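Chemist: Need a 3D model of the following:
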Amino acid sequence: MFRIAICDDEKIFRADLKEILTRYMTDRGIMLEIDTFSSGKEFAELGIEMVKYKIVFLDINMDELDGIMTAKKIRENSKDMFIVFVTAFVNYTIEGYKVDAVRYILKDNKNLVASVYECMDAIHEKMDYKVTWAEFDFCEGTRKVSLNRILYIESKLHKLEFHVMEDCLQKYTLQTIRKYGGSYVIQNDEREFYFSIMIPLVKSDL
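Modeler: Numbers count the residues shown, from 1 in each chain. Just a heads-up that it's a prediction; the model follows:
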């Protein structure tokens, strides 16, 4: 499931953008779910739950919490979510670079559909190398997990508990094979994974 968020205080534009994105994904046979939000504050209130979205389209000019501030809150929780700014103005480019925005789309652009399609094409190209998947034999069964979606791993005796953000926060348990230096080594059929500094490891007394 491909999840997209649209955050804009203009109801008509939210509906128009949702229709464009739905058409783009449907034409390519991609299952998707699009959620809409009427303010940056509403989206930011999701907290860590916001990382379930792969892409967010943000209006820059919103009351209470504008798009730039909302993007900064997103980056506090996710470094790999694709942020797309939609705006009637073009004077926020520098701020956009600070939050690694992938595109600016002008609302009054007569080529809005073409701009959105080009943006989605670019995101799909980036995702080809940005998302890394691995299959693990968890105690709960074999699952394919995006390594980008692992929030942290908790060490409990001789097991590791993976906290993974999918459609919602999930926990999967894996037997530790061995410890090498300060890293925990986990092995599947293709390769070994060393979890240490790159993914937060939390020790438990359990």
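
Chemist: Walking through the protein, point out its helices one by one.
Modeler: Listed from the start of the chain, the chain has helices (DSSP state H) covering 11-27, 40-44, 67-77, 93-98, 112-130.

Chemist: roughly how far out does the first one sit from the chain middle?
Modeler: Between the centre of helix 11-27 and the centre of its host chain there is 19 Å, according to C-alpha atoms, centre = their mean, to the nearest Å.

Chemist: Restricting to C-alpha, output that helix in PDB.
Modeler: What follows is the C-alpha trace of helix 11-27 in PDB, where atoms were taken according to Å, rounded to 0.1, in the frame of the first residue of the first chain:
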ATOM      1  CA  LYS A  11     -10.700  22.200   0.300                       C
ATOM      2  CA  ILE A  12     -11.100  22.400  -3.500                       C
ATOM      3  CA  PHE A  13      -7.400  22.100  -4.200                       C
ATOM      4  CA  ARG A  14      -7.100  19.100  -1.800                       C
ATOM      5  CA  ALA A  15      -9.800  17.400  -3.800                       C
ATOM      6  CA  ASP A  16      -8.200  18.300  -7.200                       C
ATOM      7  CA  LEU A  17      -4.800  17.100  -6.100                       C
ATOM      8  CA  LYS A  18      -6.200  13.900  -4.700                       C
ATOM      9  CA  GLU A  19      -7.900  13.200  -8.000                       C
ATOM     10  CA  ILE A  20      -4.700  13.800 -10.000                       C
ATOM     11  CA  LEU A  21      -2.700  11.500  -7.700                       C
ATOM     12  CA  THR A  22      -5.300   8.800  -7.700                       C
ATOM     13  CA  ARG A  23      -5.400   8.900 -11.500                       C
ATOM     14  CA  TYR A  24      -1.600   8.700 -11.700                       C
ATOM     15  CA  MET A  25      -1.300   5.700  -9.400                       C
ATOM     16  CA  THR A  26      -4.300   3.900 -10.800                       C
ATOM     17  CA  ASP A  27      -3.000   4.200 -14.400                       C
END
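
Chemist: okay, and for this protein, where does confidence drop off?
Modeler: Regions of the chain meeting the criterion pLDDT under 70 cover residues 90-98, 109, 128-133, 148, 157-158, 167, 176-206.

Chemist: Break it into its domains for me.
Modeler: Taking the TED database as the reference, the chain has its domains at 2-130, 133-203.

Chemist: And the residue nearest to Arg103 when sequence neighbours are not counted, how far from Glu64?
Modeler: What sits nearest to Arg103 in space, not counting adjacent residues and going by C-beta to C-beta, 6 or more residues apart in numbering, is Cys119, at 4.4 Å. Yep, even glycine has a C-beta here, placed from its N, CA and C like the rest. Taking C-beta to C-beta, to the nearest Å as the criterion, Cys119 is separated from Glu64 by 26 Å.

Chemist: more crowded one of the two?
Modeler: Just comparing Cys119 and Glu64: by other C-beta atoms under 10 Å the higher neighbour count belongs to Cys119, 21 against 12.

Chemist: wait, what's in contact with the more buried one?
Modeler: With contacts defined as C-beta atoms under 8 Å, 6 or more residues apart in numbering, Cys119 is in contact with Val84, Val102, Arg103, Ile105.

Chemist: now the closest residue in space to Cys168 that isn't next to it in sequence: how far from Phe37?
Modeler: The shortest distance from Cys168 to any residue other than its chain neighbours is 7.0 Å, reached at Lys52 (C-beta to C-beta, 6+ apart). Taking C-beta to C-beta as the measure, Lys52 falls 13 Å from Phe37.
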